[in-house]
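Colleague: I would like to see how this sequence folds:
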Amino acid sequence: MRNNRLSMSVLLALLLAGTAQAKLNVFACEPEWAALVKELAGDEASIFAATHAGQDPHHVEARPSLIARLRSADLAVCTGAELETGWMPMVQRRARNPKVLPGQPGYFEATDAVTLLEKPAELDRAEGDVHGDGNPHVQLDPRRILEIAKALSARLQQIDGSNSTLYRRRLQDFAARWQAALSRWQGDAGALRGRRVVVHHQEWTYLLDWLGMQRVGSLEPKPGIPPNMAHLAQLKQQPADLIVLSPLNDEKPAEWLTSQTGVPAVVLPQTVGAVSGSDDLFSLFDTIVRRLNDLEHR
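Modeller: Numbering: from 1, shown residues only. Next up is the predicted model:
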């Protein structure tokens with residue numbers, strides 16, 4: 001009897017080990033893509049987020065821990081459009097994992113799935129931190145999130161065909177819930193259309209485009225260049241309805257402009273987990289719309 005119990009234990013352990021090994025290892029460059037993979041793959045994926053909401057994804061150290069994670073990944077999901085150009089290529093080279101190199105099915109860039117805004121006719125680094133392929137901050141438009149979800153689900157089905165039925169079912173479920181939320185957000189944010197916005201950084205381009213708001217200025221004189229007094233003094237003359245910044249930004253320039261003009265400022269989460277209560281993609285946009293409406297109605 002004891003031997004039988006032992007055999008059953010060994011068999012159970014092997015089965016559990018087999019289940020664990022069957023999971024798809026996913027390396028997500030930013031928290032929003034980790035959250036999207038979780039929606040689309042559920043427990044079939046073991047997901048590692050390479051950055052957290054408190055980090056600027058432009059500037060990340062290619063740490064050994066990131067290299068080790070990418071080395072064992074089946075799929076890497078990044079933003080693309082040069083957002084991670086300062087660190088991801090080095091992580092890929094050192095990981096030596098051919099599955100997740102550019103051009104391979106195991107490497108997915110979200111910006112490949114959508115139309116990008118603000119693509120410069122000419123690339124001039126004197127104009128600041130400009131991305132030649134266009135503005136990469138597509139995670140702040142829920143319409144584009146759905147397009148990216150469809151493309152990412154197709155990629156999951158391609159590289160993990162044994163679970164393709166599950167991925168299709170989870171995409172259908174996500175799309176239905178997302179469309180319902182999208183209608184609710186657009187209804188709730190209707191009064192914001194036409195509002196004139198000064199942003200800290202140009203990461204809000206897609207959010208403003210979705211909500212029909214107008215960017216009339218930036219606290220940064222050029223993308224990635226910190227605000228300075230000469231530029232802020234010029235912004236005082238620009239009529240605006242609100243100032244938008246993220247938790248990553250220095251609050252002092254926005255506070256100064258508010259003190260000089262009376263234009264209120266609001267901190268919005270730029271990704272999943274950036275502020276309390278924005279722990280997944282749905283609550284990210286719930287929080288953004290609620291904070292904007294709170295400012296509109298106060």
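
Colleague: tell me what the helix or strand hosting Leu40 is packed against?
Modeller: Taking DSSP states H and E as the definition, Leu40 sits inside helix 31-41. Applying 3 or more Cβ pairs under 8 Å, 6 or more residues apart in numbering; DSSP states H and E, we find helix 31-41 packed against strand 24-28, strand 45-49, strand 75-78, helix 142-159, helix 164-188, helix 281-297. For glycine as for every other residue, the C-beta is placed from the backbone atoms N, C-alpha and C.

Colleague: which of these sits most buried?
Modeller: Across the helices and strands packed on helix 31-41, the average number of neighbours (mean count of other Cβ atoms under 10 Å) peaks for strand 75-78, which reaches a mean of 27.

Colleague: quick check: mean pLDDT of that one?
Modeller: Per-residue pLDDT values over strand 75-78 give a mean of 98.

Colleague: helices or strands up against the following helix or strand past it?
Modeller: Counting by DSSP H and E, the element after strand 75-78 in chain order, helix or strand, is helix 88-95. Other elements packing on helix 88-95 under the criterion 3+ Cβ pairs under 8 Å, 6+ apart are helix 64-71.

Colleague: convert the C-alpha atoms of the helix it packs on to PDB, please.
Modeller: Provided in PDB are the C-alpha atoms of helix 64-71 (Å, rounded to 0.1, in the frame of the first residue of the first chain):
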ATOM      1  CA  PRO A  64      21.200  40.400 -15.900                       C
ATOM      2  CA  SER A  65      17.800  39.500 -14.400                       C
ATOM      3  CA  LEU A  66      16.100  40.800 -17.600                       C
ATOM      4  CA  ILE A  67      18.500  38.800 -19.800                       C
ATOM      5  CA  ALA A  68      17.900  35.600 -17.900                       C
ATOM      6  CA  ARG A  69      14.100  36.100 -18.200                       C
ATOM      7  CA  LEU A  70      14.300  36.700 -21.900                       C
ATOM      8  CA  ARG A  71      16.600  33.700 -22.400                       C
END
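
Colleague: between helix 88-95 and that helix, find me the angle.
Modeller: 70 degrees (axes from the mean of the first three to the mean of the last three Cα atoms, to 10 degrees).
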